[in-house]
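1. Okay, predicted coordinates and the sequence, questions at the end:
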Amino acid sequence: MVTIYGLTVDDESRCEHYQTPLDIIAIKFKCCNKFYPCYKCHEECEKHELKRWDKSEFDEHAILCGVCKQTISINDYMLKEVCPHCASRFNHRCKYHHHLYFKI
């Protein structure tokens, strides 16, 4: 079982910052190898600087679906808007924050 850190408010990885029905992912942060629902949770809970995943590392299974608890690669996450395991829809607006997590 993967632990999701941060200010999580439900069992599908929604946090106090992002709570829509589609906010169901957690991201493994490169800097600490911990899954957080969002960068704001990471900033509030960690004392180190956030490190972004390099494009050469996009095969890393760094995305956790909060519904089925399966991980997917960064590549798969960036190319799809649904979980390939359970077909739950992801928030398409998360792409506006990709630059915070990934070096594109």
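-> Sure, I can see it. Residues are numbered from 1 along each chain as shown.
2. In this structure, which residue is most central in space?
-> Nearest to the mean C-alpha position of the chain, counting by C-alpha atoms, centre = their mean, stands Ile27 at 2.5 Å.
3. so what's the backbone phi/psi at that residue?
-> When read as degrees, to the nearest 10, the backbone of Ile27 gives phi -120, psi 130.
4. measure Cys41 to Tyr18 for me?
-> Cys41 is 9 Å from Tyr18, where distance means C-beta to C-beta, to the nearest Å. Placement of C-beta: from N, CA and C, glycine included.
5. ditto for His98
-> Applying C-beta to C-beta to His98 and Tyr18 gives a distance of 14 Å.
6. for Trp53, same thing?
-> From Trp53 to Tyr18 the distance is 19 Å (C-beta to C-beta).
7. ditto for Lys30
-> Counting by C-beta to C-beta - Lys30 and Tyr18 are separated by 20 Å.
8. for His99, same thing?
-> 17 Å.
9. Those two: which is more packed in?
-> The neighbour comparison of His99 against Tyr18 (other C-beta atoms under 10 Å) goes to Tyr18, with 20 against 10.
10. Which stretches in this protein count as strands?
-> Under the criterion DSSP state E, the chain contains strands at 25-28, 35-36, 63-65, 71-72.
11. low-confidence ranges in this protein?
-> By pLDDT under 70, the chain has no low-scoring segment.
12. mind listing the helices in it by residue range?
-> Per DSSP state H, the chain carries helices over the ranges 39-45, 74-79, 98-101.
13. Could I get those in CSV, plus columns for distance to Val67?
-> As requested, the helices of the chain are exported to CSV (distance: least, C-beta to C-beta, whole Å):
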stretch, distance to Val67
helix 39-45, 19
helix 74-79, 14
helix 98-101, 20
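14. quick one: the residue of the chain most remote from its centre from Leu22, how far?
-> Here the chain reaches farthest from its C-alpha mean at Lys47, the gap being 19.0 Å by C-alpha atoms, centre = their mean. For Lys47, the distance to Leu22 equals 30 Å [C-beta to C-beta].
15. Over to Lys95?
-> From Lys95 to Leu22 the distance is 12 Å (C-beta to C-beta).
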